[in-house]
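Undergrad: can't give you the sequence, but here's the structure:
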Ligand code: MFK
Ligand code: FAD
């Protein structure tokens, strides 16, 4: 006989059963904005349930690169997984990106609620979606009317046949953090056409139709300020690569369904987005948007891991009781939930600030607050999600370590949040850039968010005071300031969360 067989965990409905999301939407969005969004949120959550079920029944796929066809032609074709094939249809139908660019202060809230529900099921199709959103945002900020007219109708399309993905081509072999070491060069033909030559070392949206790429115009100086930002389209009208070869797809710890490629550029036609220098400054709006996506997706991974662990605690028994009825197991779950709710609040506050600021409806200090909270939310949620997802795997005991439960993938995938889009240290240093204008935006935010007389207010204000004093003490000592940046970032992020 088989003996005891454990019931598998079931996924609660990611929208209807998510108290945190529903409460937050309920008190953030006006009712007449929430009602029309609901069907999209329901549908994306239904898709998530379907995808989790399907994952349990079918072996995992990975993208496959075919470099040569049978007759010797170089083709560099990439076959994608089912979730990726479904991505364009699903996300255009539910207006994931289009929603974020509506002229409303609620646009980003409505977009990121969709992202939160879709992300885990997307198998990191959300990575190129984030970059496409970032490209749309950076092009808008550039004011380049010709490129805006050319690309945004595709990036924000509600029709899959018309939809384009954009990549973000920054990282090269000498530097992913230190982008100023970029070796790719931009050369101008006699007829004025710019072309890119070089090697990009991590290209996650290589299947995209477009990309924003950093390159050094021929003859320009070394360093970051001399880099230019270019818009490229990857394929010609016959679907052939335009001066791009795909050297290989990377073998990664996680994000297995995401095709991350090493590529060579040999004459790829390119259009300058703006003036031919300060490319990092020009791409910064993209960075800040993709970092917000990163925080939302990290929070989504936590929500998924906790939802499964919570369900399992009702189905699994030990020592004569369900796991949930053991005080220490219940406490473990409650601690995870508290960390997740704090991360959720900080992240969605950033989403709301972004929407408000983009529409020019913010308070005077909102832009500075957003600039500071964006790297804090990214770096903090990444670390919390790795910790919480790891704890959630332990809640399943040995089963949490077994591949075909689908659980180990959650941990492998969470590890990436801290690395790409700026590592924890790089973002801690970015926080120092943002702090150059002081802690006043944080004080004002706390003043508005935490009522006078609330018990936690004293401790929050004391932490901000202490951080300000520390920053004052070490302001003149750059080495001390940098060495302290990570600790200060964690303190401020946790305090704000
Ligand atoms: C599913 C989850 C969704 C997420 C998907 C993401 C997919 C992943 C794809 C990637 O990983 S794409 C690659 C991401 N790469 C990075 O994030 C680069 C990390 N490195 C940094 O962020 C460095 O801090 C940076 C290269 C930006 C700066 O290095 P430098 O050489 O020290 O530059 P500098 O001189 O400090 O900054 C140049 C300008 O940019 C300055 O402006 P000015 O020219 O006006 O002085 C900076 O103020 C400005 N700047 C830098 N970061 C900014 C910014 N402005 C606004 N916001 C920021 N965050
Ligand atoms: P390094 O910069 O060499 O960092 C090594 C270590 O040094 C890190 O711990 C870092 O925190 C630390 N460090 C660096 N500088 C400092 C400093 N000043 N002070 C203190 N510590 C420091 N990039 C793209 O452009 N496009 C993509 O589509 C893309 N997709 C990716 C997909 C995946 C799955 C992964 C893993 C990466 C992807 N990347 C992409 C690259 C990613 O953005 C970089 O790997 C990342 O920015 C780190 O750069 P690096 O690998 O060169 O590490």
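TA: Nice, I can see it. Note that the structure is a prediction, hence the values are computed from the model and not measured. Residues are numbered from 1 along each chain as shown. Ligands and ions are numbered 1, 2, ... in the order given.
Undergrad: pull out the buried residues from stretch 208-223.
TA: The neighbour-count check on stretch 208-223 (16 or more other CB atoms under 10 Å) flags 208-217, 220 as buried. The way it works is simple: take the backbone N, C-alpha and C, and place the C-beta from them, glycine included.
Undergrad: what residues are up against the residue nearest to residue 126 when sequence neighbours are not counted?
TA: For residue 126, ignoring the flanking residues on the chain, the nearest one in space by CB to CB, 6 or more residues apart in numbering is residue 119 at 4.8 Å. Contact analysis of residue 119 by CB atoms under 8 Å, 6 or more residues apart in numbering lists 126, 296-297, 300-301.
Undergrad: go again with 7 Å.
TA: 126, 297, 300 (CB atoms under 7 Å, 6 or more residues apart in numbering).
Undergrad: could you look up the SS state of residue 265?
TA: strand (DSSP: H, G, I helix; E, B strand; the rest coil).
Undergrad: report the beta-bridge partner residues of it.
TA: Beta-bridge pairing for residue 265 (DSSP bridges): residue 198, residue 244.
Undergrad: what secondary structure does the closest residue to residue 171 other than its chain neighbours sit in?
TA: Excluding the flanking residues, the one nearest residue 171 by CB to CB, 6+ apart is residue 202, at 4.4 Å. At residue 202 the chain is in strand, as set by three-state DSSP.
Undergrad: likewise residue 247?
TA: strand.
Undergrad: surely it meets residue 264?
TA: Yes. With contact defined as CB atoms under 7 Å, residue 247 reaches residue 264; the gap is 6.2 Å.
Undergrad: could you pick out the residues of the protein near ligand 1 for me?
TA: Within reach of ligand 1 by CB under 6 Å from any ligand atom, the chain has these residues: 124, 126-127, 130-131, 168, 170-171, 177, 179-180, 204, 224, 278, 280-281, 284, 287-288, 290, 293-294, 297, 420-422, 426, 430, 433.
Undergrad: of those residues, buried ones?
TA: Buried among the residues of the chain next to ligand 1 (16+ other CB under 10 Å): 124, 126-127, 130-131, 168, 170-171, 179-180, 204, 224, 278, 280, 284, 287-288, 290, 293-294, 297, 420-422, 426, 430.
Undergrad: quick one: which of those sit in strands?
TA: Residues of these located in strands (DSSP state E): residue 168.
Undergrad: the buried ones among the residues of the chain next to ligand 1 also near ligand 2: which ones?
TA: Contacts with ligand 2 within those, as defined by CB under 6 Å from any ligand atom: 168, 170-171, 204, 420, 422, 426.
Undergrad: of all the residues you listed, which two lie farthest apart?
TA: Farthest pair in these (CB to CB) is 204 and 426. Separation: 17.7 Å.
Undergrad: domain map for this structure?
TA: By the record's domain assignment, the chain is partitioned as 166-279, 437-496 (automatic domain parsing).
Undergrad: show the average pLDDT along the last one.
TA: Summarised as a single mean, pLDDT over domain 437-496 is 95.
Undergrad: that domain: end-to-end distance?
TA: End-to-end span of domain 437-496 (CA to CA, to the nearest Å): 18 Å.
Undergrad: contacting residues around the residue sitting nearest the centre point of the chain?
TA: Compute the mean C-alpha point of the chain, and by CA atoms, centre = their mean the closest residue is residue 294, 2.2 Å away. For residue 294, the contact set (CB under 7 Å, 6+ apart) comprises 378, 382, 417, 421.
Undergrad: rerun that using 8 Å as the cut-off
TA: Under the criterion of CB under 8 Å, 6+ apart, the neighbours of residue 294 are 130, 378, 381-382, 417, 420-421.
Undergrad: same thing with residue 270?
TA: Contact analysis of residue 270 by CB under 8 Å, 6+ apart lists 186, 194-196, 213, 215, 230-232.
Undergrad: please, which helix or strand holds it?
TA: strand 261-272 (DSSP states H and E).
Undergrad: next, the angle from that strand to strand 244-249.
TA: Between strand 261-272 and strand 244-249, the angle comes out at 150 degrees (axes from the mean of the first three to the mean of the last three CA atoms, to 10 degrees).
Undergrad: that's a strand at residue 231, yeah?
TA: Yes. Residue 231: assigned to a strand according to three-state DSSP.
Undergrad: neighbours around the spatially closest residue to it that is not a sequence neighbour, how many?
TA: Nearest-residue entry for residue 231: residue 271, 4.8 Å, with adjacent residues in sequence omitted and distances by CB to CB, 6+ apart. When counting by other CB atoms under 10 Å, one arrives at 15 neighbours for residue 271.
Undergrad: I'd say residue 271 and residue 228 touch.
TA: No. Under the criterion of CB atoms under 8 Å, residue 271 is not in contact with residue 228, lying 10.7 Å apart.
Undergrad: other SSEs contacting the helix or strand of the chain with the lowest mean pLDDT?
TA: Least confident helix or strand of the chain, by mean pLDDT, DSSP states H and E, is helix 440-449 with a mean of 92. Contacting helix 440-449 under the criterion 3 or more CB pairs under 8 Å, 6 or more residues apart in numbering; DSSP states H and E are the following elements: helix 366-394, helix 457-474, helix 478-496.
Undergrad: which residues does the second one contact?
TA: Outside helix 457-474, the residues that touch it by CB under 8 Å, 6+ apart are 435, 439, 442-443, 446, 450-451, 480-481, 484, 488, 491-492, 495.
Undergrad: most neighbours among those residues, which one?
TA: That'd be residue 442 among the contacts of helix 457-474, by other CB under 10 Å, with 25 neighbours.
Undergrad: can you name the residues that contact that one?
TA: By CB under 8 Å, 6+ apart, residue 442 lies in contact with 369, 372, 464, 492, 496.
Undergrad: kindly reformat these as CSV containing distance to residue 143.
TA: Output for these, formatted as CSV (distance: CB to CB, whole Å):
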residue, distance to residue 143
369, 24
372, 25
464, 36
492, 33
496, 32
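Undergrad: now, the most widely separated pair of the residues you listed?
TA: Maximum distance among the contacts of residue 442 (CB to CB): 13.0 Å, for 369 and 464.
Undergrad: what comes up buried for stretch 97-114?
TA: 97-102, 104-114.
Undergrad: same question for stretch 343-361.
TA: Buried residues in stretch 343-361, counted by 16+ other CB under 10 Å: 343-358.
Undergrad: got it, and stretch 462-476?
TA: For stretch 462-476, by 16+ other CB under 10 Å, it's 463-464, 467-468, 470-471, 474.
Undergrad: dump those residues into CSV; add distance to residue 161 as well.
TA: Formatted as CSV, the buried residues of stretch 462-476 follow (distance: CB to CB, whole Å):
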residue, distance to residue 161
463, 52
464, 51
467, 52
468, 54
470, 55
471, 53
474, 56
